[in-house]
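Colleague: model the following, please.
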Amino acid sequence: MFLILSLCFIAVYEVCSCIIPLGTMIRLFKVKEKQRELAESANGKPPVKKQSAGELRLQKDISELNLPKTCTFSFPNGKDELMTFEVTIRPDEGYYLSGTFVFSFQISPIYPHEAPKVKCKTKVYHPNIDLDGNVCLNILREDWKPVLNINTIIYGLYHLFTEPNHEDPLNHDAAAVLRDNPKMFESNARRAMAGGYVGQTFFPRCI
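Modeller: Numbering: from 1, shown residues only. You can find the predicted model right below:
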């Protein structure tokens, strides 16, 4: 009887000793990953960087880009920094004809479940872009959905230059002029792109 109880105790102990807390499992996994990286380094192989879901989705978006000739795509920090890139838009019609406008994109690791952060690096006289480069585009805010992609955003930005909107402004002064006096708005936009003052604000040349 004593022998049977002893064997049962040993069996229970072995089962319980196999239950590893989650925190311990994560630490063991990290240690194993570190050991694998060190082994690869010792063998002369560079450690392989694991890609996030956001990077994989972004690669798919980039491979499917179908941009008009007025838009170009670049990686100012090199293609190793996939999640940071720039888009340059050169409108071929409208108020901003022949201007050059550069936008920076910062992509989250959880993209597409979070919209990209987009800013205009070119100072522009525009109702939907403020003087700090913040962009008012609905699909970057409340209307963002994971089914949307980088191509959709670029076309949305291009649309801001062909059809600026005074009804949802970030630059309220520019919006008021566009609404009340489109001819003056056109003159102000051209002056800003040529490099000059509109009111008290100086705009560097971008044409």
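Colleague: those helices in this protein, which residues are they?
Modeller: Counting by DSSP state H, the segments of the chain that form helices are 2-17, 22-42, 53-63, 150-162, 172-180, 182-194.
Colleague: what angle separates the shortest one from helix 182-194?
Modeller: Calculated by axes from the mean of the first three to the mean of the last three CA atoms, to 10 degrees, helix 172-180 forms an angle of 140 degrees with helix 182-194.
Colleague: one step back: where among the helices of the chain is average confidence lowest?
Modeller: Ranked by mean pLDDT, these bottom out at helix 2-17, with a mean of 43.
Colleague: ok, now how distant is the residue lying closest to Asn77 once chain neighbours are set aside from Asp130?
Modeller: Closest residue in space to Asn77, ignoring its immediate chain neighbours: Thr84 at 5.9 Å, by CB to CB, 6 or more residues apart in numbering. C-beta: built from backbone N, CA, C; applies to glycine. Per CB to CB, to the nearest Å, Thr84 is found 22 Å from Asp130.
Colleague: name the residue in those two with the higher neighbour count.
Modeller: Shown here are Thr84 and Asp130; by other CB atoms under 10 Å, Asp130 has more neighbours (18 against 14).
Colleague: that one and Gly99: what is the separation?
Modeller: Going from Asp130 to Gly99 by CB to CB gives 17 Å.
Colleague: tell me which residues form a beta bridge with the residue nearest to Asp132 when sequence neighbours are not counted?
Modeller: For Asp132, the nearest residue in space outside its immediate sequence neighbours is Lys119; the separation is 8.0 Å by CB to CB, 6+ apart. For Lys119, the beta-bridge partners are Ser104, Asn134 (DSSP bridges).
Colleague: I figured Lys119 hits Leu131, correct?
Modeller: No - at 11.8 Å, Lys119 does not count as touching Leu131 under the criterion of CB atoms under 8 Å.
Colleague: that older thread, need the contact list for the residue nearest to Asp132.
Modeller: Residues counted as contacts of Lys119 (CB atoms under 8 Å, 6 or more residues apart in numbering) are 103-104, 132-135.
Colleague: so it versus Thr88, what's the distance?
Modeller: To Thr88, Lys119 is 14 Å away according to CB to CB.
Colleague: shared neighbours of these two, anything?
Modeller: Shared contacts of Lys119 and Thr88 (CB under 8 Å, 6+ apart): Phe103.
Colleague: Phe161 is in contact with Gly94, isn't it?
Modeller: Yes - if you go by CB under 8 Å, Phe161 and Gly94 touch, sitting 6.1 Å apart.
Colleague: between those two, point out the one with more neighbours.
Modeller: Neighbour count, other CB under 10 Å: between Phe161 and Gly94, Phe161 has more, with 24 against 14.
Colleague: tell me who's in contact with the residue nearest to Tyr125 when sequence neighbours are not counted.
Modeller: What sits nearest to Tyr125 in space, not counting adjacent residues and going by CB to CB, 6+ apart, is Ala192, at 3.8 Å. Counting by CB under 8 Å, 6+ apart, Ala192 touches 123-125, 198, 203.
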